[in-house]
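Asker: Fold the following and give me the result.
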Amino acid sequence: MHNGQAFLAAALVAAVGFMSETQAHAQERGKTSHEGRAAIEPYSFEAMDGTVVAAERGELWVPENRNDPKSRLIKLAFVRFASTSANPGAPIVYLAGGPGGSGVDTARGGRFPLFMALRAAADVIAFDQRGTGWSNDIPRCDTGRAYPLAEPLTDARLIPFMREQATTCTRFWKEAGIDLAGYNTWESAADLDALRAALGVDKITLWGISYGTHLGLAALKRYPERIEKAVLASIEDLDETVKLPALTDAYFARVQKAIDADEKAATAYPDLVGLMHSVHAKLDAAPLIFTVQAEGGPTQLAIGKLDLQMFVSRMISDPPNIALLPVLYAGLAAGEPGPLGQLMHDRMRKDFGRYAGGMSEAMDEASGITARRLQLVRAQAQSSLLGYALNFPMPQLAGAYGVPDLGDEFRAPVVSAVPTLFLSGTLDGRTYPESAAETAARFANATHVLIENSGHNLFMVSPDVTEVILAFLEGKPAARKRIVLPTPTFQH
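Answerer: Residues are numbered from 1 along each chain as shown. Now for the predicted structure:
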């Protein structure tokens, strides 16, 4: 189980810490600013690898809730990298995923080379959406109580507990002067148009991934004449906040095909789905009890079926983790869980449910789900491999934060003539190529590129991806519709 231990130790990425101003300071700044005007100054931008480039840091102020004439103003911040082109196109605005990811932090990390490369087409803007990064002044809610470690996660216990936590946090944010109703994708789409106007340009180009595509599609629906082009990767359409469990099962069928391509792995794991179902049934009947090291010393941790389903849901985005799923389940089936208990404590169950950021909860709740899709999800979840776990906290906590639902008109399919490049990975366990193909089919000027054996975070998996994006942005015809990566190597 040494390889499984190495996998589990790297299975989840630590949450990005937000830089934020206090609410009082933000309000004071808002009162003295000019709403909608951008203040821009030179900025020395340093990436995580130590590279320093000249850039500009900007901010503008917009209403927190445009439906409230008395709304306070909140800050939207961004970093702009100047184009290296003599004839640049419309500024490219990066839309981070999550919801809750920071565009500025993303630019500092592993995608920094891509931000730099796209300057060949236009200015590139790392944008912090409302409630994220430099654009966040929502205080984190600490309820002071977490889900009990000695109890496994179950729907019957978890959902009432989390709804109580939501009530506590909603009251906390209201007392702090935060209007959570302003944190929805429609408002963020309006923020993008406010950014466009503040920059003094007629159009912008959108570049997003995961939830960033959800926001991008909303902007395409609401402001089609103000969007030059769009690059959307790992697509989440407007009625796909809650993913269909059947598509998750189809994803695992693709994983099995990848296993079957390796003779030794195919012999060791001829039926991964069957193995997973058997382990889930075992945990459903009798949760595992671990002694783990917690802050107060050794303590008991109970892990059941839903715990494992949620843990797996967090780790199936990309092939490096997917490739070690079989060894994890084989160990559990053989009664050798290895370091699972401690890692479940450290990476998921420790302080589970105690903290909430506000932005991501409000965004997902507002985007919601249509009644028809909810019925379909409920039916499919009964027999699917991960059930509801992949989508938590939606639809389980729908309505818990009191945020107005944006309605079925918001979630209606987007039909667009804006030139759009869609990018999908065949081994993406979070968003699915089948859904992306359906969305792309409604776009008159769509190019859909499939990346074989890529996962959710696909921008940096191959130089060919940068080449395809640049060619699209420069108006060149698509040289390929498929990029093929090596099949993952499965541990056995």
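
Asker: Around the residue nearest to G182 when sequence neighbours are not counted, count how many other residues there are.
Answerer: Once flanking residues are discounted, G182 sits nearest to N65: 3.5 Å by CB to CB, 6 or more residues apart in numbering. The way it works is simple: take the backbone N, C-alpha and C, and place the C-beta from them, glycine included. Neighbours of N65 under the rule other CB atoms under 10 Å: 17.

Asker: Assumed N65 was part of a strand.
Answerer: No - N65: not assigned to a strand; according to DSSP: H, G, I helix; E, B strand; the rest coil it is coil.

Asker: Pull the contacting residues for it.
Answerer: Residues in contact with N65 (CB atoms under 8 Å, 6 or more residues apart in numbering) are 71, 179, 181-182, 187.

Asker: ok, the spatially closest residue to D123 that is not a sequence neighbour - how many residues close by?
Answerer: Spatial nearest neighbour of D123, excluding adjacent residues (CB to CB, 6+ apart): P91 at 4.3 Å. Here the number of neighbours of P91 (other CB under 10 Å) works out to 20.

Asker: Which of the contacts of N65 fall in helices?
Answerer: E187 (DSSP state H).

Asker: about what we covered before: give me the pLDDT for the residue nearest to D123.
Answerer: The model reports P91 with a pLDDT of 98.

Asker: could you measure it against E295, distance?
Answerer: Distance of P91 to E295, given as CB to CB, to the nearest Å: 47 Å.

Asker: got the contact list for the residue positioned nearest the centre of the chain?
Answerer: Residue closest to the average C-alpha location in the chain (CA atoms, centre = their mean): G98, at 2.9 Å. Taking CB under 8 Å, 6+ apart, we find G98 in contact with 132, 210-211, 360, 363.

Asker: now do 10 Å
Answerer: 16, 129, 131-132, 209-212, 214-215, 357, 359-360, 363-364 (CB atoms under 10 Å, 6 or more residues apart in numbering).

Asker: Can you report phi and psi for the closest residue to E452 other than its chain neighbours?
Answerer: Leaving aside its chain neighbours, E452 sits nearest to V484 (4.4 Å; criterion: CB to CB, 6+ apart). Here is the backbone geometry of V484 (degrees, to the nearest 10): phi -110, psi 120.

Asker: Please apply the same query to L206.
Answerer: Dihedral angles (degrees, to the nearest 10) for L206: phi -100, psi 140.

Asker: Make 43 the starting number, not 1.
Answerer: Done: numbering now begins at 43, and the last item shifts to L248.

Asker: Read off the pLDDT value for it.
Answerer: Here the pLDDT value assigned to L248 is 99.

Asker: so it touches P266, yeah?
Answerer: No - with contact defined as CB atoms under 10 Å, L248 does not count as touching P266 (11.4 Å).

Asker: out of these two, which sits in the busier spot?
Answerer: Using other CB under 10 Å, the more surrounded residue of L248 and P266 is L248, with 26 against 13.

Asker: what about stretch 88-99, start to end distance?
Answerer: Stretch 88-99 has an end-to-end distance of 12 Å (CA to CA, to the nearest Å).

Asker: in that stretch, what's buried?
Answerer: 89, 95, 97-99 (16 or more other CB atoms under 10 Å).

Asker: quick one: the strands in this structure?
Answerer: Secondary structure of the chain (DSSP state E): strands at 81-88, 94-105, 115-123, 134-137, 166-170, 183-184, 246-252, 269-277, 330-336, 339-345, 397-398, 462-467, 488-494, 524-526.

Asker: before we move on, back to that, quick one: common contacting residues for L248 and P266?
Answerer: Common neighbours of L248 and P266, using CB under 10 Å, 6+ apart, are V460.

Asker: which other helices and strands contact the longest helix seen in the chain?
Answerer: The residue-count maximum for a helix in the chain (DSSP H) belongs to helix 197-217. Packing partners of helix 197-217 (3 or more CB pairs under 10 Å, 6 or more residues apart in numbering; DSSP states H and E): strand 183-184, helix 347-355, strand 397-398, helix 401-409.

Asker: which of these sits most buried?
Answerer: Greatest average neighbour count among those goes to helix 401-409 (a mean of 25), per mean count of other CB atoms under 10 Å.

Asker: Work out the gap between that one and the centre of the chain.
Answerer: Centroid separation between helix 401-409 and its chain, computed with CA atoms, centre = their mean, to the nearest Å, is 12 Å.

Asker: what angle do that helix and helix 197-217 make?
Answerer: 110 degrees (axes from the mean of the first three to the mean of the last three CA atoms, to 10 degrees).

Asker: still on that earlier bit, nearest to M204, out of the contacts of N107: which one, please.
Answerer: A223 (20.1 Å; CB to CB).

Asker: Poorly predicted segments of the stretch 243-392 of the chain, please.
Answerer: Within the stretch 243-392 of the chain, no range satisfies pLDDT under 70.

Asker: before we move on, back to that, of all the helices and strands packed on helix 197-217, which one is nearest G517?
Answerer: Among the helices and strands packed on helix 197-217, helix 401-409 comes nearest to G517, with 32.3 Å by CB to CB.

Asker: neighbours of I220, just the number please.
Answerer: I220 - counted by other CB under 10 Å - has 24 other residues nearby.

Asker: next one: A421
Answerer: Other residues close to A421 by other CB under 10 Å number 12.

Asker: From R415, how far off is it?
Answerer: Following CB to CB, the distance that separates A421 from R415 is 11 Å.

Asker: Report the contact partners of Q438.
Answerer: Q438 sits in contact with 197, 200-201, 204-205, 284, 430-431, where contact means CB under 10 Å, 6+ apart.

Asker: how close does it sit to N178?
Answerer: Relative to N178, and taking CB to CB, Q438 is found at 25 Å.

Asker: What of E451?
Answerer: Distance from E451 to N178, by CB to CB: 28 Å.

Asker: what about the two, which has more around it?
Answerer: N178 (25 against 8).

Asker: Okay, and the beta partners of the more buried one?
Answerer: Bridge pairing for N178 (DSSP bridges) gives the partners S62.

Asker: and the angle from the longest helix of the chain to helix 347-355?
Answerer: Computed by the same axes, to 10 degrees, the angle between helix 197-217 and helix 347-355 is 60 degrees.

Asker: ok so, going back, so can I have a markdown table of the strands of the chain showing distance to V510?
Answerer: Below are those laid out as a markdown table (distance: least, CB to CB, whole Å):
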| stretch | distance to V510 |
| --- | --- |
| strand 81-88 | 26 |
| strand 94-105 | 24 |
| strand 115-123 | 20 |
| strand 134-137 | 15 |
| strand 166-170 | 17 |
| strand 183-184 | 41 |
| strand 246-252 | 13 |
| strand 269-277 | 9 |
| strand 330-336 | 45 |
| strand 339-345 | 42 |
| strand 397-398 | 38 |
| strand 462-467 | 7 |
| strand 488-494 | 6 |
| strand 524-526 | 7 |
